[in-house]
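Trainee: model this:
(one chain, ligands or ions: 1)
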Amino acid sequence: MKKTKINPLLRLLKLVKPLWPAMLAAIFLGTAGHLAASFVTISAVMAAGKLFAGQAATSLLILVLICGLARGPLHYGEHYFNHLIAFKLLALLRVKLFHALRRLSPAKLEGKNKGELLALITGDIELLEIFYAHTISPVAIASLYTLCMVYFIGHYSWLLAFWALAFYLIVGLVIPAVNARLTSLPGQAIREKISRLSGFVLDSIKGSEEIRQFGQGQKRLENLQKADQELTKAQQRLAALGNWQQAATTLAIQIASAGMLVLSLLLRKHGMTLAGSLTVTATMMSSFGPVVALSALSTSLAQTAASAQRVLDILDEEPVVSENESGEEPTFSQADLQKVTFTYPDGDQPVLKDFSLHIPKGKIIGIHAPSGSGKSTILKLLARFYDASEGQVSISNTDIKKIKTSALRQLESYVPQDTWLASETIEANIKLGQAATRAEVIQAAKKASLHDFILTLTEGYDTKLGEGQQLSAGQKQRLGIARAFLHDGDLFLLDEITANLDALNEGIILKALKEESQDKTIVIVSHRLSTLAIADQIITL
Ligand SMILES: Nc1ncnc2c1ncn2[C@@H]1O[C@H](COP(=O)(O)OP(=O)(O)OP(=O)(O)O)[C@@H](O)[C@H]1O
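Mentor: Numbering: from 1, shown residues only. All right, here's what the predicted structure looks like:
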């Protein structure tokens with residue numbers, strides 16, 4: 001389906017359905033508020049007309065007072081309901097987005113620019129507030145309010161009512177439509193530039209050591225400045241288009257008001273009074289507020305639509321592996337790769353071709369092969385981060401696709417090459433959400449040769465990571481291994497877990513693994529022959 005600008009906004013509109021009472025309240029209060037604001041002026045002009053003619057104008061003056069007093073609370077109510085809807089829906093969209101990211105992880109997130117994802121979760125979602133709080137009800141309010149005003153002017157003359165309607169349409173629809181056309185592409189380009197810039201900044205922060213080492217700091221700074229200048233220029237161009245729209249809108253309002261005065265004076269022969277002329281002219285002059293609010297939207301709407309499209313693209317993206325929620329829950333007896341061929345979704349060459357491997361229970365299988373030959377890929381297939389393109393991966397003679405995903409995660413302890421640390425305490429990092437006692441955490445840390453190091457920290461297991469307390473690569477790796485020991489799956493999938501360890505720590509961990517292997521099965525990928533010495537069988541690719 002062709003992606004037009006309107007599609008994403010229509011899809012966002014559907015989410016408002018459960019909140020329609022709040023939306024109706026916002027529309028009602030907003031229309032009443034604008035009418036109250038206009039009728040302060042209109043009633044005052046009508047009252048002045050009456051007083052000039054020597055007639056009583058008490059009821060009109062009371063109306064001026066009521067409208068003046070009501071304007072504030074009505075305006076407040078409109079904004080209250082609009083923001084209630086907007087923030088509820090933004091929260092809902094954030095949750096949906098996190099669900100989508102969880103569904104897509106890890107395979108689909110591996111290739112994504114993390115800075116762009118961050119910009120999506122923060123900036124793009126935030127921008128949708130404009131749509132929910134400042135677009136939907138203002139459109140309805142402007143339509144209702146305009147009808148009321150046309151009807152009111154129609155009481156004096158239907159010709160004048162048509163004149164007014166024509167200018168409401170010009171200001172509220174024609175000028176914004178032209179502007180939307182002009183700003184659509186620049187708006188999208190700005191959102192893309194912002195997210196690319198976020199990605200660049202995040203990459204630069206993450207790679208600061210290498211960037212310094214290779215003397216690339218100045219060059220990156222220049223690139224950053226260049227990207228920043230381009231963004232500023234694009235924003236200035238968009239602002240200039242917005243200025244054009246403002247000028248056109250102001251001109252249209254002046255023509256409408258002056259024309260209303262002239263036309264109504266010309267109609268004096270047809271029974272239009274001077275007081276009537278002044279009233280319709282005051283009505284025209286004071287009634288553009290809601291349509292002007294609409295016209296101001298067209299510039300931001302282009303950016304909002306682009307943001308909506310990016311959010312919806314993530315929500316629509318299909319995961320590489322679909323979660324199995326009701327499959328089998330076998331107890332572990334063996335694992336097998338049978339004639340497996342596998343190509344990464346965005347790769348063009350198979351990483352594994354017709355590859356078979358039998359992993360019997362209670363054994364340690366070592367995998368030793370050159371870099372890039374597919375060792376980690378074997379573990380990822382066994383963890384079902386990806387499905388084999390051909391052949392079958394099975395656990396306990398059950399096709400891995402037929403196994404309930406949560407049961408598979410329970411059955412396996414996967415330790416990736418890089419250990420991710422949360423900004424939490426050491427204990428929370430070892431547990432990573434698993435229910436365990438302090439004693440169990442300590443036992444896991446001991447097996448991973450991490451306990452003695454933790455005891456040297458003043459706050460021990462309660463030391464918060466990230467804030468001042470950094471871990472060395474080897475300590476991080478041992479923490480990752482402690483997690484796996486605590487998780488206590490039947491099948492350990494260990495990817496280069498000793499790459500950053502000294503011989504002493506390596507020895508302690510391997511000893512612990514050897515002891516575990518009496519009732520566990522271990523697949524260990526390593527370049528180090530010293531690590532693979534504990535293996536019962538070594539596979540070379
Ligand atoms: N997400 C991915 N998308 C596309 N190609 C990938 C992806 N991950 C890995 N590859 C490619 O697959 C091949 C095998 O990668 P893998 O990580 O399994 O190798 P490895 O043997 O574990 O290497 P190393 O010892 O260097 O860790 C490499 O050529 C790599 O470029």
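
Trainee: buried set for stretch 16-33?
Mentor: By 16 or more other C-beta atoms under 10 Å, the buried positions in stretch 16-33 come out as 16, 19, 22-23, 25-33. Glycine gets a C-beta too; all of them are placed from N, C-alpha and C.

Trainee: Need the residues that contact it.
Mentor: Stretch 16-33 is contacted by residues 70-71, 74-75, 77-78, 81-82, 84-85, 88-89, 132, 136-138, 140-141, 144-145, 148, 290 when judged by C-beta atoms under 8 Å, 6 or more residues apart in numbering.

Trainee: for stretch 456-466, the distance to its chain's centre please.
Mentor: When C-alpha coordinates are averaged (C-alpha atoms, centre = their mean, to the nearest Å), stretch 456-466 and its chain have centres 33 Å apart.

Trainee: Please identify the buried residues of that stretch?
Mentor: Residues of stretch 456-466 classed as buried: 461, 463, 465 (neighbour count, 16+ other C-beta under 10 Å).

Trainee: what do you get for stretch 340-355?
Mentor: For stretch 340-355, burial by neighbour count (16+ other C-beta under 10 Å) applies to 340, 342, 343, 344, 350, 351, 352, 355.

Trainee: contacting residues around the nearest residue to residue 335 once chain neighbours are set aside?
Mentor: The shortest distance from residue 335 to any non-neighbouring residue, by C-beta to C-beta, 6 or more residues apart in numbering, is to residue 359 (4.1 Å). Residue 359 makes contact with 334, 335, 336, 365, 491, 521, 523 under the criterion C-beta under 8 Å, 6+ apart.

Trainee: Surely the last one is within a strand?
Mentor: Yes - the assignment for residue 523, made by DSSP: H, G, I helix; E, B strand; the rest coil, places it in a strand.

Trainee: wait, it sits on residue 382?
Mentor: Yes - in this structure, residue 523 is within contact of residue 382 by C-beta atoms under 8 Å, at 6.8 Å.

Trainee: wait, what's in contact with residue 90?
Mentor: Contacts of residue 90 (C-beta under 8 Å, 6+ apart): 125, 126, 128, 129, 132.

Trainee: what's the closest of the buried residues of stretch 340-355 to the ligand?
Mentor: Checking the buried residues of stretch 340-355 against the ligand with C-beta to the nearest ligand atom, the nearest one is residue 344 at 3.2 Å.

Trainee: Surely the closest one is in contact with residue 350?
Mentor: No - contact between residue 344 and residue 350 fails when scored by C-beta under 8 Å: they sit 9.1 Å apart.

Trainee: check contacts around the nearest residue to residue 390 once chain neighbours are set aside.
Mentor: Spatially, and ignoring its direct neighbours in sequence, residue 390 is nearest to residue 341 (4.0 Å; C-beta to C-beta, 6+ apart). Contacts of residue 341 were listed using C-beta under 8 Å, 6+ apart, and they are 350, 352, 353, 354, 355, 388, 389, 390, 391.

Trainee: per-residue confidence averaged over the host helix or strand of residue 89?
Mentor: Using DSSP states H and E, residue 89 falls within helix 58-104. What helix 58-104 shows for mean pLDDT is 93.

Trainee: picking that back up, near the ligand, list only the ones from the buried residues of stretch 340-355.
Mentor: When C-beta under 6 Å from any ligand atom is applied, the members of the buried residues of stretch 340-355 adjacent to the ligand are 344, 351.

Trainee: out of the buried residues of stretch 340-355, who's nearest residue 267?
Mentor: Comparing the buried residues of stretch 340-355 against residue 267 with C-beta to C-beta places residue 344 closest, at 75.8 Å.

Trainee: which one's the longest helix in the chain?
Mentor: helix 217-266 (DSSP state H).

Trainee: So which elements touch that helix?
Mentor: If contacts are counted by 3 or more C-beta pairs under 8 Å, 6 or more residues apart in numbering; DSSP states H and E, helix 217-266 sits against helix 158-169, helix 175-206, helix 274-286, helix 289-316.

Trainee: Would you report the backbone torsion angles of the residue of the stretch 1-150 of the chain found nearest the ligand?
Mentor: Nearest residue of the stretch 1-150 of the chain to the ligand (C-beta to the nearest ligand atom) works out as residue 110 at 4.4 Å. For residue 110, the backbone dihedrals are phi -60, psi -40 (criterion: degrees, to the nearest 10).

Trainee: What does the pLDDT read for it?
Mentor: For residue 110, the model assigns a pLDDT of 76.

Trainee: circling back to that earlier point, pick out whichever of the contacts of residue 359 sits closest to the ligand.
Mentor: Nearest to the ligand out of the contacts of residue 359 is residue 523 (C-beta to the nearest ligand atom; 12.4 Å).

Trainee: Quickly list what the closest one is bridged to.
Mentor: Beta-bridge pairing for residue 523 (DSSP bridges): residue 365, residue 493.

Trainee: sorry, back to before: joint contacts of residue 523 and residue 382?
Mentor: By C-beta under 8 Å, 6+ apart, the residues touching both residue 523 and residue 382 are 335, 491, 493.

Trainee: What backbone torsions are found at the second one?
Mentor: Its backbone dihedrals place residue 491 at phi -120, psi 110, with angles given as degrees, to the nearest 10.

Trainee: What parts of the stretch 301-450 of the chain come near the ligand?
Mentor: So far as C-beta under 6 Å from any ligand atom goes, the stretch 301-450 of the chain lies against the ligand at 344, 346, 347, 351, 369, 371, 372, 373, 374, 375, 376, 377.

Trainee: So which of those sit within helices?
Mentor: Assigned to helices by DSSP H, the following of these qualify: 375, 376, 377.

Trainee: top of those by neighbour count?
Mentor: Using other C-beta atoms under 10 Å as the neighbour criterion, residue 375 leads those with 24 neighbours.

Trainee: Setting aside sequence neighbours, what's the nearest residue to that one?
Mentor: Residue 375 sits nearest to residue 525 (C-beta to C-beta, 6+ apart), 4.3 Å away.

Trainee: hang on, the earlier thing: gap between the longest helix of the chain and the chain center?
Mentor: The gap between the average C-alpha position of helix 217-266 and the chain average comes to 28 Å, counting by C-alpha atoms, centre = their mean.

Trainee: quick one: average pLDDT of it?
Mentor: The predicted model assigns helix 217-266 a mean pLDDT of 92.

Trainee: do the same with stretch 315-333
Mentor: Stretch 315-333 carries an average pLDDT of 89.

Trainee: ends of it, how far apart?
Mentor: 38 Å (C-alpha to C-alpha, to the nearest Å).

Trainee: contact partners of it?
Mentor: With C-beta under 8 Å, 6+ apart, stretch 315-333 has contacts from 96-97, 100, 103-104, 107-108, 345, 361, 384-387, 395-398, 401-407, 411, 490-491, 521.
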